[in-house]
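Student: here is a sequence with its predicted model. Questions after.
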Amino acid sequence: QMYFTMDVCCMLLSALHSPGWRPTWPKIKPFHAGLAALLCGVTTLALNISLAPWLLVASAMVAAAISWLSGGTEMGSGDAISGLQYSIALQALHPLKEQLA
């Protein structure tokens, strides 16, 4: 999926003649980048169909093992907002610590 995304981005940037970090190759046209993106998308879909059942079974087994090893207790994973608030509070406290020292 990453290659598909990169191909689509390169196709759009080539079509828009947008300068950027990437080098320009005179022989690569937006049509070629679009064709590569289409090929990557089709390949990804084909692989997802064939690999999805195995990945489902494997992830279910890992989840069951984690649940069994943790004793079935609820494990709080927290949330992003709390982590962000904690990070902001720490950044605000660092200058105070330097002033007191």
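Tutor: In hand now; what should we look at?

Student: flag every buried residue along the longest helix along the chain.
Tutor: Longest helix of the chain, by residue count under DSSP state H: helix 30-69. Using 16 or more other CB atoms under 10 Å as the test for burial, helix 30-69 gives 33, 34, 36, 37, 40, 41. The C-beta positions use only the backbone N, C-alpha and C, and glycine is treated the same way.

Student: how about the last one, nearest residue that isn't a chain neighbour?
Tutor: Spelled out, it's residue 41. Leaving aside its sequence neighbours, residue 41 sits nearest to residue 4 (CB to CB, 6 or more residues apart in numbering; 5.1 Å).

Student: that older thread, average pLDDT across the longest helix of the chain?
Tutor: If you average the pLDDT over helix 30-69, you get 82.

Student: so what's the gap between it and the chain middle?
Tutor: Its chain's C-alpha centre and that of helix 30-69 lie 14 Å apart, by CA atoms, centre = their mean, to the nearest Å.

Student: which helix or strand lies directly C-terminal to that helix?
Tutor: Downstream of helix 30-69, the next assigned helix or strand under DSSP states H and E is helix 80-100.

Student: elements contacting that next one?
Tutor: Applying 3 or more CB pairs under 8 Å, 6 or more residues apart in numbering; DSSP states H and E, we find helix 80-100 packed against no helix or strand.

Student: re earlier: does the residue nearest to residue 41 really touch residue 40, like I thought?
Tutor: Yes: the criterion here is CB atoms under 8 Å, and residue 4 meets it with residue 40 at 4.1 Å.

Student: which parts of the strand or helix carrying residue 12 are buried?
Tutor: Following DSSP H and E, one finds residue 12 within helix 2-15. Within helix 2-15, the residues that count as buried by 16+ other CB under 10 Å are 4, 7, 8, 10, 11, 13, 14.
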